[in-house]
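> structure here, sequence nowhere to be found:
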């Protein structure tokens, strides 16, 4: 066997999962984001290991790698490559599974880090006894400092810190929604199950079985905590009224319109909220027809849905903050879809907004020529979600939209920050745009100010919707 292949063959249990996860991320997000995620994740892990083995002992505490046990391994400044690469794919697997369970935001970061610590509760005691299996004796802690089968307590503090950093990096790199798909979920679950199974068997054979039990107990606690973030009400609830918003900012404005306590129930790729005392829910679905259709498919037949948010005006007569109540919507296939005229008439009578015709498009229509074309078809406002809801059988749908951009004041550079399926502007796109065009800051700030004004109008409009539709007909 050639010398160059020995590190790969000898540490296949680390490199193979890393390659599988790398290919999965590449397939889901493209090679650029995959490279950013994997290199950044490795850099975090490497810095932690180097800081503990060659630096001041931060964050894992002091430990040393043994050159004799790593003679056939690739090393970077004394840190074995296979070990530092393992952190990233373990973190990705935990992040993916928690996302599949509906965990979002800081809970996802925290529970992902705890899951990584849980794995190391058994992995480290087993690895420390590597001389008795094919790992080999590759590292050691200072004598007398190990409190958990030879492993120091500071090691687990370091794992929590590094786990938090890696989970946060994944959150920033992939976004909060991160709908990985069935293949990624199966791969992640299979890899973590393999790690737990192998470590458990070795722990029993090496006389450290309590470490395996502790690992399983911690993972069970993580699973229970993740389950608690699932809906406290049915995801297919029979609530009479759903306010469907594409963006999280729109969802916040909608919730602020109805005072009281809101209960959060994350769903895959979305975030859903239910009022504690009123029969109303706010769904944040993500941008675009596909995201709206995905959400609409889970709504119960007979439910009333008001698709609310900001929109662009196609012609004169509409100003920032003006509110339109849609009576019909033009789909991307240039076919008209009628909305629930009973809902529309009640909203018009309640003076929520003025009657209008809208178009749902698959990409942001910010060019003047595109707006003029739509205006010639009788379109007054343009947005990206209402048609998908209206085309879903069994739902009573109305659309309420507040003007954000007009032909005189288009979105401009802000369009580049939006991604289909996302519920908020992409921070990575924002950073890249600012690096390429630092002079664009002023334009973005003006657009942000206009958005805040539009959201204030949206709050008023949704309050009118709630007063109108939650009262007796």
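That came in fine, so what should we check first? Source: prediction; values computed, not measured. Residues are numbered from 1 along each chain as shown.
> so which bits of the longest helix along the chain are buried?
Counting by DSSP state H, the longest helix found in the chain is helix 441-469. For helix 441-469, a neighbour-count test (16 or more other CB atoms under 10 Å) marks 444, 447, 450-451, 454-455, 457-466, 468-469 as buried. Quick note: C-beta positions are derived from backbone N, CA and C, even for glycine.
> tell me the helix or strand right after the worst-scoring helix or strand of the chain on mean pLDDT.
Of the helices and strands making up the chain, the lowest-confidence element is helix 6-10, at a mean of 66, by mean pLDDT, DSSP states H and E. Scanning forward in sequence from helix 6-10 by DSSP states H and E, the next helix or strand is helix 12-29.
> just checking, what packs against that next one?
Under the contact criterion of 3 or more CB pairs under 8 Å, 6 or more residues apart in numbering; DSSP states H and E, helix 12-29 touches helix 31-53, helix 81-100, helix 182-205.
> do that again at 10 Å, thanks
If contacts are counted by 3 or more CB pairs under 10 Å, 6 or more residues apart in numbering; DSSP states H and E, helix 12-29 sits against helix 6-10, helix 31-53, helix 81-100, helix 153-174, helix 182-205.
> and the third one, how far out from the chain's middle?
In this case it means helix 81-100. Its chain's C-alpha centre and that of helix 81-100 lie 16 Å apart, by CA atoms, centre = their mean, to the nearest Å.
> what residues sit buried inside the next helix or strand after that helix?
Scanning forward in sequence from helix 81-100 by DSSP H and E, the next helix or strand is helix 105-128. Neighbour-count burial for helix 105-128 flags 107-128 (criterion: 16+ other CB under 10 Å).
> got the contact list for residue 409?
Residues in contact with residue 409, defined by CB atoms under 10 Å, 6 or more residues apart in numbering, are 312-313, 319-320, 403, 446-447, 450.
> ignore the last one, residue 276
232, 260-263 are the contacts of residue 276 under CB under 10 Å, 6+ apart.
> keep only those of those that are in strands.
262-263 (DSSP state E).
> compare the contacts of residue 276 and tell me which is most surrounded.
The residue in the contacts of residue 276 with the most neighbours, by other CB atoms under 10 Å, is residue 262 (20 neighbours).
> my guess is residue 257 contacts residue 306. True?
No - assessed by CB atoms under 10 Å, residue 257 is found out of contact with residue 306, at 11.5 Å.
> who has more neighbours, the two?
residue 306 (31 against 21).
> buried residues in the helix or strand where the more buried one lies, which are they?
Assigned by DSSP H and E, residue 306 belongs to strand 304-313. By neighbour count on 16+ other CB under 10 Å, the buried set for strand 304-313 is 304-313.
> partners of it in the sheet?
Under the criterion DSSP bridges, strand 304-313 sits next to strand 241-245 (parallel), strand 381-383 (antiparallel), strand 396-405 (parallel) in its sheet.
> and the angle for the last one with helix 441-469?
Looking back up the chat, that one is strand 396-405. Using axes from the mean of the first three to the mean of the last three CA atoms, to 10 degrees, the direction of strand 396-405 lies 150 degrees away from that of helix 441-469.
> pretty sure residue 441 is touching residue 435, no?
No - applying CB under 10 Å as the test, residue 441 and residue 435 come out as separate, 11.7 Å apart.
> where do the helices of the stretch 301-450 of the chain begin and end?
341-349, 368-376, 386-390, 427-436, 441-469 (DSSP state H, counting those that start in this stretch).
> dump those into TSV; add mean pLDDT as well.
Below are the helices of the stretch 301-450 of the chain laid out as TSV (pLDDT from 0 to 100):
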stretch	mean pLDDT
helix 341-349	93
helix 368-376	84
helix 386-390	92
helix 427-436	83
helix 441-469	93
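> how about those, which one is nearest residue 270?
Of all the helices of the stretch 301-450 of the chain, it is helix 386-390 that lies closest to residue 270, at 13.4 Å by CB to CB.
> just give me how far that closest one sits from the chain centre.
24 Å.
> who are the packing partners of that helix?
strand 241-245, helix 289-296, strand 304-313, strand 323-330, strand 336-338, strand 354-360, strand 396-405.
> closest to residue 225 out of the ones you listed?
helix 289-296 (25.6 Å).
> what strand or helix carries the nearest residue to residue 262 once chain neighbours are set aside?
Nearest non-adjacent residue to residue 262, counting by CB to CB, 6 or more residues apart in numbering: residue 273, 4.5 Å away. Assigned by DSSP H and E, residue 273 belongs to strand 270-275.
> okay, the angle between that strand and helix 289-296?
Using the same axes, to 10 degrees: strand 270-275 against helix 289-296 is 40 degrees.
> list the helices and strands strand 270-275 packs on?
Judged by 3+ CB pairs under 10 Å, 6+ apart, the packing partners of strand 270-275 are strand 241-245, helix 248-256, strand 262-267, strand 280-284, helix 289-296.
> what about the residue lying closest to residue 437 once chain neighbours are set aside, how many residues close to it?
Spatially, and ignoring its direct neighbours in sequence, residue 437 is nearest to residue 413 (7.3 Å; CB to CB, 6+ apart). For residue 413, the tally of surrounding residues (other CB under 10 Å) stands at 15.
> among the helices and strands packed on helix 386-390, which comes closest to residue 219?
Comparison of these against residue 219 by CB to CB identifies helix 289-296 as nearest, at 29.8 Å.
> domain ranges for this structure, per the record?
Split into domains by automatic domain parsing, the chain comes to 3-228, 241-469.
> low-confidence ranges in the chain?
Across the chain, residues meeting the criterion (pLDDT under 70) sit at 1-9, 176-180, 229-239, 266-269, 365-366, 472-473.
> the inter-axis angle of the longest helix of the chain versus helix 341-349?
Going by the same axes, to 10 degrees, helix 441-469 is angled at 110 degrees with respect to helix 341-349.
> return the list of helices and strands in contact with helix 441-469.
If you count contacts as 3+ CB pairs under 10 Å, 6+ apart, helix 441-469 packs onto strand 241-245, helix 248-256, strand 280-284, strand 304-313, strand 323-330, helix 341-349, strand 396-405, helix 427-436.
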